[in-house]
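Trainee: Sequence first, predicted model second:
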Amino acid sequence: MNRRSPKIILLVGLGLIACLGVLILPALPTAFHGVYHRVYGVFGMTWELFIDLITITLLAILVAGFLAPLEALGWWAGWYGDEIETIQHPGNLVEPFPTDLKVTRYVVYLDGISQAQFEYLPEVERFLDALALKLTDDIVLIKGIMSYSVLNKPLTEDRLMSFFWRLADRLQMNPAGGMIGALIAATINIRNILIVCVAADQRYGPIYNQGTAQVIYNSLVNYGYQPGSGIPLTLVGYSGGGQMAMGAAPYLRRSLKVPIEAISLSGVISGNHNFLELEHLYHIVGGKDWIEKEGPILFPSRWKLFALSYWNRAKQRGKISFISLGDQVGHNGAGGPFDGRAVLADGRTHLQQTVDIISGIIQDDSPLSQDTQPIQPSNYERYQQAAFNRPDYYP
């Protein structure tokens, strides 16, 4: 496919966005005007600023949603140059790799929606350090990939709003700014949620996911991976990183010609991607993880009603294992899978349990039994069992 052809699609799309804005934006003040006067009459002047802030926020999210696919489409159309180097920051090794050992597996970690730069939150860094200690020396663990940009470019560098993203990232790294600081830091999550929606979208997703696969491919080659060598690859995606890993996996499998396993840690997954091309998907989630539970509700491909979706076909073939972290484990922060203080009934912390499960899967020695969907025979396989459907039945 010619990468230049989407330029026409982009121009048409921007024209449609402009037309939609002309139609919607004038109606929004009118809609809020009635609400504002009702609230103002009851609560007084204090609510005037509140209503204005809500209006501005909703308009900003609407505009951001329209612009979210632009970077991926621009990359595909070649707006940033045909020789763009996403290898400028190929990620980092969690631990230096001994050069005298033969690599038996590569592992790539993709972070959640709080990621604004190549460095992670302290709790994530502690998890990766603990995981590296549990893995054998012949396994390469790579971190530091910005999966929320097809250009592998952080929010805090070389962008129009880099100054704002640096402020937001500083506030989420050191949450001492009170409610205002928390709201500013939350803009990173909102922006990356929109990118996750782009990756899950069946229109823009194939373009975005190919860009993510290219970034991961460049990182692997930079650290000595030889395409076609057959060395297994494991993608570990946390939260929104689970969706990014699922989207990139089919492209990586075709380009590297290698078996790929995926580990989704509290991952929000759309179910639109071809899970049949994976060797296996391990979906790890806690009982109090209400964010992950939105996936089976929001994405129709994961509904049981659509039995022929990739997600349900992979479950039927036993390619998806569901592993529980326990009823007390949430999605993030205190009580999340990276919590090093909360203690389980067996005496381990949440962090220790997460490290044990993931390291066990990577090294084919999982400490927990896997709740794997039993393999159901297809209609074709059942028909084959009938004697009259076999040639030797007839004289």
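Mentor: Perfect, thanks for sending it.
Trainee: What helix or strand is the residue lying closest to residue 65 once chain neighbours are set aside located in?
Mentor: Nearest residue to residue 65 in three dimensions, chain neighbours excluded: residue 194, at 5.7 Å (C-beta to C-beta, 6 or more residues apart in numbering). Where you see a C-beta, it was placed from the backbone N, CA and C, and this is true even at glycine. Using DSSP states H and E, residue 194 sits within helix 178-200.
Trainee: which of the residues in that helix are buried?
Mentor: Going by neighbour count (16 or more other C-beta atoms under 10 Å), the buried part of helix 178-200 is 181, 184-185, 187-189, 191-200.
Trainee: So which residues of the chain form strands?
Mentor: Using DSSP state E, the strands found in the chain span residues 92-93, 105-110, 139-143, 233-238, 260-265, 280-285, 320-324, 371-372.
Trainee: Deepest-packed of those, please.
Mentor: Mean neighbour count (mean count of other C-beta atoms under 10 Å) peaks for strand 233-238 among these, with a mean of 26.
Trainee: elements contacting it?
Mentor: Packed against strand 233-238 by the contact rule (3 or more C-beta pairs under 8 Å, 6 or more residues apart in numbering; DSSP states H and E) you find strand 105-110, helix 240-256, strand 260-265, helix 350-362.
Trainee: Need the contact partners of it.
Mentor: If you take C-beta atoms under 8 Å, 6 or more residues apart in numbering as the criterion, strand 233-238 is touched by 105-112, 124, 216, 220, 243-246, 248-249, 252, 256, 258-267, 358, 361-362.
Trainee: redo that, cut-off 7 Å
Mentor: Strand 233-238 has contacts (C-beta atoms under 7 Å, 6 or more residues apart in numbering) with 105-112, 244-245, 249, 252, 256, 258, 260-267, 358, 362.
Trainee: In its sheet, which strands sit next to it, and in what direction?
Mentor: Here strand 233-238 has these sheet partners by DSSP bridges: strand 105-110 (parallel), strand 260-265 (parallel).
Trainee: angle of that strand against strand 139-143?
Mentor: Counting by axes from the mean of the first three to the mean of the last three C-alpha atoms, to 10 degrees, strand 233-238 lies at 40 degrees to strand 139-143.
Trainee: Can you pull the domain assignment for this protein?
Mentor: Domain ranges of the chain: 1-67, 87-377, per automatic domain parsing.
Trainee: Make TSV from the ones you listed and add mean pLDDT and distance to residue 394 to it.
Mentor: Shown next, in TSV, are the domains of the chain (pLDDT from 0 to 100; distance: least, C-beta to C-beta, whole Å):
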stretch	mean pLDDT	distance to residue 394
domain 1-67	58	48
domain 87-377	89	24
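Trainee: most packed of those?
Mentor: domain 87-377 comes out most buried of those by mean count of other C-beta under 10 Å, with a mean of 19.
Trainee: what's the spacing between that one and its chain's center?
Mentor: 6 Å (C-alpha atoms, centre = their mean, to the nearest Å).
Trainee: could I get the strands of the chain as JSON lines with distance to residue 169?
Mentor: Converted to JSON lines, the strands of the chain look like this (distance: least, C-beta to C-beta, whole Å):
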{"stretch": "strand 92-93", "distance to residue 169": "18"}
{"stretch": "strand 105-110", "distance to residue 169": "18"}
{"stretch": "strand 139-143", "distance to residue 169": "17"}
{"stretch": "strand 233-238", "distance to residue 169": "17"}
{"stretch": "strand 260-265", "distance to residue 169": "22"}
{"stretch": "strand 280-285", "distance to residue 169": "27"}
{"stretch": "strand 320-324", "distance to residue 169": "31"}
{"stretch": "strand 371-372", "distance to residue 169": "37"}
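Trainee: so who does the nearest residue to residue 330 once chain neighbours are set aside touch?
Mentor: Leaving aside its chain neighbours, residue 330 sits nearest to residue 288 (4.1 Å; criterion: C-beta to C-beta, 6+ apart). Contacts for residue 288 (C-beta under 7 Å, 6+ apart) come out as 327, 328, 329, 330, 335.
Trainee: what would those residues look like in TSV with distance to residue 390?
Mentor: Formatted as TSV, the contacts of residue 288 follow (distance: C-beta to C-beta, whole Å):
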residue	distance to residue 390
327	50
328	54
329	51
330	54
335	57
